[in-house]
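[1] Following is a predicted model, sequence given first.
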Amino acid sequence: MDMFEATELARLAEFADEVGVISLYATVEPGSALGQTRMRSTLTALRRDLAEHADRDWAARAEARLTELEQPIADLLDPTEPGLGRMMFAQIGGDAVHTAWIQRPVGEVAVVEANAYLWPLLAAIEPAPPAGVARVGRDGVRLFDCRYGLAEELTSVSFNLPGTPSSGEQRADVPTLSRAGIHPDRFPQRVEEHLTKHLRQAAGTVTEHVRQRGWHTLVLAGDPRLTRILAEALPPEPDRTELDAVLDPDLTPTGVLDFVTPTLAEARTRRESAAVQRVADLARAGGNGVLGLADTISMLQAGRVERLLLDAAGGWSPEDAVDAGAPPTAVLLAGEGTASELAEGMVELALSRGGAVTLLDSAAVDDLADSDGIAALLRW
């Protein structure tokens, strides 16, 4: 069982089976049996739904597959294994099983659908997407990768300037400045000049991490005079926040994540609100944007959606879509099985056709109050 990576979303959207896919989500606290107990109750409810399903042969195959998976499910729920949120997707007609974990709660879910059921996963990862934190100081730039509830310190860029204490962290670069040949009265100025030069050079390392790690947000924390120098040397993307705060050098990566979480939440709302406004402007100008349930579903079925924007609260029914003017085939998006949710059908369709999905927080979705809480950016 590996940690979930964003690149898996597209593969999971294609994880299907002609008989059905069992999707399980469990939240397991370390050293506690509560997650196992809750999941057993959830599985009991799934079996009860299967027992009442109209297609008895199909239900019997799903029940038999659940029995085959008893040991893998027990392994999934092992409280000694890593990951607060655990997930499993298993074919009923085939043998394929995919498991993963993230360090965020995913609730307790057990459903059978034609495809892997992805809404709980999206709801868990959307509030904590990949982000970078740069602790900027006179001794260098310390970088942290934050994603899905976990934080990791990366190789630092250290400045070995006179009078600057070293953090002792692993270094990617150690520039030096010698006093030789510099007049004593000029030396402090030269130190500042070298600091500025090294901060601008560090921008290359930061930019490379942004590109490789897919950071949605970059937080620059430190003295504003220093973060501004670094910020000016960085490209405009991704969304960037300068935080006037001196982080304790002894702060653990988890402590860094806890400290910047409110800043990352604000950045998420800002980023999503901008995306909603952009789509709304395009839609109203007759460009490549649509608003509302009916038009969005039509564009999904035509394969034209580049990014789907949805209220994270969900709650749409196929009848709502048809009443709003969507094609009658919108009913098929809800699928058949034990979940039958239109929101899940829209997510799967968008991802399976190479699109992206954003579940909007409550602040960002306010701008879509008159548009069913749904919009889409189109490819053309």
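    That came in fine, so what should we check first? Numbering: from 1, shown residues only.
[2] after the helix ranked longest in the chain, next one along is what?
    With secondary structure taken from DSSP state H, the chain has its longest helix at helix 253-284. Scanning forward in sequence from helix 253-284 by DSSP states H and E, the next helix or strand is strand 289-291.
[3] for that next one, packing partners?
    The helices and strands touching strand 289-291, judged by 3 or more Cβ pairs under 8 Å, 6 or more residues apart in numbering; DSSP states H and E, are helix 253-284, helix 293-301, strand 374-378. C-beta coordinates here come from the backbone N, C-alpha and C atoms, glycine included.
[4] Apply 10 Å and report the result again.
    helix 253-284, helix 293-301, strand 305-311, strand 374-378 (3 or more Cβ pairs under 10 Å, 6 or more residues apart in numbering; DSSP states H and E).
[5] Of the ones you listed, give the one that comes closest to L332.
    helix 293-301 (9.2 Å; Cβ to Cβ).
[6] what's the strand or helix carrying L122 packed up against?
    Assessed by DSSP H and E, L122 sits inside helix 119-125. Where contact means 3+ Cβ pairs under 10 Å, 6+ apart, helix 119-125 is packed against helix 8-13, strand 16-27, strand 85-91, strand 97-102, strand 109-115, helix 342-352, strand 356-360.
[7] Any idea how far stretch 325-332 is from the middle of the chain?
    Stretch 325-332 sits 30 Å away from the centroid of its parent chain (Cα atoms, centre = their mean, to the nearest Å).
[8] Need the residues that contact that stretch.
    292-298, 300-301, 316-322, 324, 333, 342, 345-346 (Cβ atoms under 10 Å, 6 or more residues apart in numbering).
[9] how long is it end to end?
    Stretch 325-332 has an end-to-end distance of 15 Å (Cα to Cα, to the nearest Å).
[10] still on that earlier bit, what remains of the contacts of stretch 325-332 if I keep only buried residues?
    Buried residues within these, counting neighbours by 16 or more other Cβ atoms under 10 Å: 292-298, 300-301, 316, 318, 321-322, 324, 333, 342, 345-346.
[11] residues in contact with R211?
    So R211 contacts P235, E237, P238 (Cβ under 10 Å, 6+ apart).
[12] Apply 7 Å and report the result again.
    Contacts for R211 (Cβ atoms under 7 Å, 6 or more residues apart in numbering) come out as none.
[13] Would you mind listing the buried residues in the helix or strand harbouring it?
    Using DSSP H and E, the element containing R211 is helix 187-213. By neighbour count on 16+ other Cβ under 10 Å, the buried set for helix 187-213 is 190-191, 194-195, 198-199, 202-203, 205-206, 209-210, 213.
[14] Least confident of those residues?
    When the buried residues of helix 187-213 are sorted by pLDDT, the bottom entry is V191 at 70.
[15] Residues contacting the helix holding L122, please?
    25, 85, 87, 102, 104-107, 109, 148, 312, 341, 343-344, 347, 357, 359.
[16] For the helix or strand bottoming out on mean pLDDT in the chain, which helices and strands make contact with it?
    The helix or strand of the chain with the lowest confidence, counting by mean pLDDT, DSSP states H and E, is helix 318-324 at a mean of 79. With contacts taken as 3 or more Cβ pairs under 7 Å, 6 or more residues apart in numbering; DSSP states H and E, helix 318-324 sits against helix 293-301.
[17] what do you get if the cut-off is 10 Å, keeping everything else the same?
    helix 293-301, helix 342-352.
[18] Tell me where the stretch 51-200 of the chain is predicted with low confidence.
    By pLDDT under 70, the low-scoring segments of the stretch 51-200 of the chain are 161-188.
[19] can you pull the contacts of G287?
    R278, V279, D281, L377, L378.
[20] Weed out the non-buried ones from the contacts of helix 119-125.
    Applying 16+ other Cβ under 10 Å to the contacts of helix 119-125 flags 25, 85, 87, 102, 104-106, 109, 148, 312, 341, 343-344, 347, 357, 359 as buried.
[21] Max pairwise distance over the residues you listed: which two?
    Counting by Cβ to Cβ, the most remote pair of the buried ones among the contacts of helix 119-125 is Y148 and E341, 22.9 Å apart.
[22] V246 reaches A221, doesn't it?
    Yes. Using Cβ atoms under 10 Å, V246 makes contact with A221 at a distance of 7.7 Å.
[23] Between these two, tell me which one has more neighbours.
    Shown here are V246 and A221; by other Cβ atoms under 10 Å, A221 has more neighbours (24 against 12).
[24] Next up, identify which helix or strand that one is on.
    With DSSP H and E as the criterion, A221 is inside strand 217-222.
[25] now that strand and helix 187-213, what's the angle there?
    Interaxial angle, strand 217-222 versus helix 187-213 (axes from the mean of the first three to the mean of the last three Cα atoms, to 10 degrees): 160 degrees.
[26] Counting by contacts, list what strand 217-222 packs against.
    strand 131-137, strand 140-147, helix 187-213, helix 224-232, strand 239-243, helix 253-284.
[27] Looking at those, which is nearest to W58?
    Per Cβ to Cβ, nearest to W58 of those: strand 140-147, 37.9 Å.
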